[in-house]
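Q: Based on what follows, work out the 3D shape:
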Amino acid sequence: MSNDRWMWDATATLEALGAADVALWVWEPEKDRLRLTGATRALGLGPLAPECSSAALRALALPQDRAYADDILRVQSPGGEVAVRLRMRGGGVCIWRGVWLEEGCRASGVVAPEVKFAASDQDALTGLLDRRSFIARARERLQAPGSHELIVADLDRLRRLNEALGHERADLVLAALGSRLAAAFPPGALLARVGEDEFAALCPKPESPGPAALRRALEHPLRVAGFDIHPTLSIGAVEAPGGDEAPEAAELLRRAELAVESARSQGRGGGAAAYGRSLETDGLSRLALEGDLKGALSRGELLPFYQPIVRLSTGALSGFEALVRWRHPRRGLLMPEQFLPLCDEMGLMSDIGAMMMREAARQLAVWRQRHRAAGELSVAVNLSTGEIDRPDLVSDVTAIRRETGLPPGALKLEVTESDVMRDPDRAAVVLRNLRAAGAALALDDFGTGFSSLSYLTRLPFDTLKVDRYFVRTMATNEGSTKIVSSVVKLGQDLDMEVVAEGVENAGMARHLLALGCDYGQGFGYAPALSAQEAEVYLNESYVDGAAPLKARG
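A: Now for the predicted structure:
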């Protein structure tokens, strides 16, 4: 009988190793030579094959894993085992297994993807169940009678974390969240990582900590690579009966993930908002800015600056619009476009809005007490998108007026046209309540949206504000002049004051006055000023009898 079929076929062996994503390795320390055969490219070991030095292996390993590479290379006595988990640049996580064959001469073994060795039902990063296994086990759990709750938590902004920290460090955040998830739920709960940035938990309803408790458990700050990371999550939950009426597990997971999408639409900490202009071009810088923002409000770094509003016919100072600025301890004074989109994404806008109302009203009260001539001044504060729906908005206005002693109309709230038109009927109710609480009301950026004039007649606004684009382009665009003229006429017909934004020089002011506009604000008078600078401006305007105005832009 021929022994050909028992002969070692090197070509077939290499093909088998390649198909299995496995490579053989031999390490000879005296020659400083590591030889590799098999699926080296798929494992991220291609640059080392077919042989390399110990220095090359260390260089290709991720920096934080180089100590593990040394464990492969360290000489052991015969029979000593090698079992190392190592991550390579350009490759996945691999397990190196082998044995020392001769005293200080040679070690040999295999290297394969971690998934070849790991339990098939676990997520390698967190040790939780993977999606497939979670669905299979959830299907079994749902056979038990009683009420069950499935909670899904999705980490916001994982892509930005990856860009700023790198995938390996961002993985540390995910691993920490997995550990926190396990600690938040009772023993026996089904826990899984069901997506790259998504976690799930299923347990009987009476034992579930609930979404709010889960958020508190997962959203504690983390310190990674020298940065304070403040994880925020979009969380969705769904209840389901067990037993005969139990839904299919995959369908239940789909419902919970739909709930997550709904939560995400509400903003970070309840969801993720659309990111406007980039805060910084560098991901690490943006991540550092986010960490700084977390405590900026409590440290008093976010504060109102004041832009004058002037009566066009006389040049008399009428009041100020309060605009937020960030006095950053290292970066200096930051403009709103540099940090407000991130504040929106972090869910800070309502807190900032409340602070701006309180501080601007307090400052106006101080000015009115110090300067007898300032008794008729007002201060306007912008309501951020969605803030009109803040439950305690009206009570805040009432409390602020009571604390500061401001008369009705001295505090003016500016609402954008688009915010009103999202739900005009609800907006009408809130605006009437604000008016009853003593706030004056301005419709900001009028003309840029698609509001219905029928609604405008039903809403209790005192002021229309003409968007700066139309004001700035009046000299070159006849259509802009017609729009400004129409808004002014509309305001007159509805007994509203009209304020034009973007007044850059005396020529613009004269043009607006000829159209019948009441008030103007813009760089022609002054930019937004600190409280101290605004008080100097106030004094000078009363001494001179009129606010200063640039002759030309």
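Q: Let me see the contact set for Arg370.
A: Residues counted as contacts of Arg370 (CB atoms under 8 Å, 6 or more residues apart in numbering) are Glu535. The C-beta positions use only the backbone N, C-alpha and C, and glycine is treated the same way.
Q: how many neighbours does Pro209 have?
A: For Pro209, the number of neighbouring residues by other CB atoms under 10 Å comes to 18.
Q: longest strand anywhere in this protein?
A: In the chain, with assignment by DSSP state E, the single longest strand is strand 317-328.
Q: That strand pairs with which strands, and in what direction?
A: Its sheet considered, strand 317-328 pairs with strand 302-311 (antiparallel), strand 332-334 (antiparallel), strand 378-382 (parallel) by DSSP bridges.
Q: can you tell which of the ones you listed is closest to Val26?
A: strand 332-334 (58.2 Å; CB to CB).
Q: and that closest one, how far out from the chain's middle?
A: In terms of CA atoms, centre = their mean, to the nearest Å, the centre of strand 332-334 is set 21 Å apart from its chain centre.
Q: And for stretch 180-194?
A: Relative to the centre of its chain, stretch 180-194 is centred 25 Å away, using CA atoms, centre = their mean.
Q: can you pull the buried residues of it?
A: Buried residues in stretch 180-194, counted by 16 or more other CB atoms under 10 Å: Arg180, Leu181, Ala182, Ala184, Phe185, Ala189, Leu190, Leu191, Ala192, Arg193, Val194.
Q: tally of neighbours for the residue lying closest to the fifth one once chain neighbours are set aside?
A: Nearest in space to Phe185, with sequence neighbours left out and distances taken as CB to CB, 6 or more residues apart in numbering, is Ala201 at 5.3 Å. Each residue near Ala201 was counted by other CB under 10 Å, and the total is 24.
Q: what helices or strands is the one helix or strand Ala201 maps to leaning on?
A: If you go by DSSP states H and E, Ala201 is part of strand 198-204. The contact analysis (3 or more CB pairs under 8 Å, 6 or more residues apart in numbering; DSSP states H and E) places strand 198-204 against helix 131-141, strand 147-155, helix 167-184, strand 190-195, helix 249-264.
Q: tilt between the helix or strand just after that strand and helix 167-184?
A: Sequence order places helix 210-218 as the next helix or strand after strand 198-204, per DSSP H and E. Using axes from the mean of the first three to the mean of the last three CA atoms, to 10 degrees, the inter-axis angle of helix 210-218 relative to helix 167-184 is 130 degrees.
Q: any idea which helix is longest in this protein?
A: If you go by DSSP state H, the chain has its longest helix at helix 349-370.
Q: relative to strand 317-328, how tilted is it?
A: Using the same axes, to 10 degrees: helix 349-370 against strand 317-328 is 130 degrees.
Q: mind checking which of the helices and strands packed on strand 198-204 is nearest Gly353?
A: Once the helices and strands packed on strand 198-204 are compared by CB to CB, helix 249-264 is nearest, at 21.4 Å.
Q: Please look at the residue nearest to Phe185 and Val194 and confirm they touch.
A: No: contact criterion CB atoms under 8 Å: Ala201 and Val194 do not qualify, at 10.0 Å.
Q: From Phe470, how far off is the most centrally placed residue in the chain?
A: Nearest to the mean C-alpha position of the chain, counting by CA atoms, centre = their mean, stands Glu345 at 3.6 Å. Glu345 sits 30 Å away from Phe470 when distances are taken as CB to CB, to the nearest Å.
Q: and what of Ala322?
A: Separation of Ala322 from Phe470 (CB to CB): 23 Å.
Q: Same question for Val366.
A: In terms of CB to CB, Val366 sits 35 Å off from Phe470.
Q: Looking at these two, which one has more neighbours?
A: Phe470 (25 against 14).
Q: I'd assumed Ser480 was in contact with that one.
A: Yes: assessed by CB under 8 Å, Phe470 is found in contact with Ser480 at 4.4 Å.
Q: re the thing from before, and the helices and strands packed on strand 198-204, which one's lowest on average pLDDT?
A: Note on these: lowest mean pLDDT is at helix 249-264, with a mean of 78.
Q: For that helix, buried residues please.
A: Ala249, Leu252, Leu253, Arg255, Ala256, Glu257, Ala259, Val260, Ala263, Arg264.
Q: Just want the angle from that helix to helix 210-218.
A: Angle between the axes of helix 249-264 and helix 210-218 is 70 degrees (criterion: the same axes, to 10 degrees).
Q: and helix 249-264, what other elements does it pack with?
A: Applying 3+ CB pairs under 8 Å, 6+ apart, we find helix 249-264 packed against helix 131-141, strand 147-155, strand 198-204, strand 233-241.
Q: Output those as JSON lines; include the columns distance to Ala427.
A: What follows is the helices and strands packed on helix 249-264, written out as JSON lines (distance: least, CB to CB, whole Å):
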{"stretch": "helix 131-141", "distance to Ala427": "42"}
{"stretch": "strand 147-155", "distance to Ala427": "31"}
{"stretch": "strand 198-204", "distance to Ala427": "35"}
{"stretch": "strand 233-241", "distance to Ala427": "26"}
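Q: Out of these, the one nearest Arg97 is which?
A: For Arg97, the closest of the helices and strands packed on helix 249-264 is helix 131-141, at 24.6 Å, according to CB to CB.
Q: Of the strands paired with strand 317-328, which is nearest Pro63?
A: Short answer: strand 332-334, nearest of the strands paired with strand 317-328 by CB to CB, at 33.5 Å.
Q: and that closest one, average pLDDT?
A: Here the average pLDDT along strand 332-334 is 85.
Q: cool, stretch 467-481 as well?
A: Averaged over stretch 467-481, pLDDT sits at 86.
Q: the helices in the stretch 351-500 of the chain, which residues?
A: Using DSSP state H, counting those that start in this stretch, the helices of the stretch 351-500 of the chain run over 393-404, 417-422, 424-436, 453-456, 468-472, 478-493.
Q: so of those, which one's packed in deepest?
A: helix 468-472 (a mean of 20; mean count of other CB atoms under 10 Å).
Q: Tell me the helices and strands packed up against that one.
A: Partner elements for helix 468-472 (3+ CB pairs under 8 Å, 6+ apart): helix 478-493, helix 506-515.
Q: Counting by contacts, list what the last one packs against.
A: Judged by 3+ CB pairs under 8 Å, 6+ apart, the packing partners of helix 506-515 are helix 468-472, helix 478-493, strand 519-520.
Q: at 10 Å instead, please
A: The contact analysis (3 or more CB pairs under 10 Å, 6 or more residues apart in numbering; DSSP states H and E) places helix 506-515 against helix 468-472, helix 478-493, strand 497-500, strand 519-520.
Q: Neighbouring strands - and their directions - for the third one?
A: This points to strand 497-500. Counting by DSSP bridges, strand 497-500 is paired with strand 463-466 (parallel), strand 519-520 (parallel).
Q: how about the longest one as PDB, C-alpha atoms only?
A: If I follow you right, that is strand 463-466. Extracted as PDB, the C-alpha positions of strand 463-466 are listed here (Å, rounded to 0.1, in the frame of the first residue of the first chain):
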ATOM      1  CA  THR A 463     -41.700  93.400  18.900                       C
ATOM      2  CA  LEU A 464     -40.700  92.100  15.500                       C
ATOM      3  CA  LYS A 465     -36.900  91.800  14.800                       C
ATOM      4  CA  VAL A 466     -35.800  92.000  11.200                       C
END
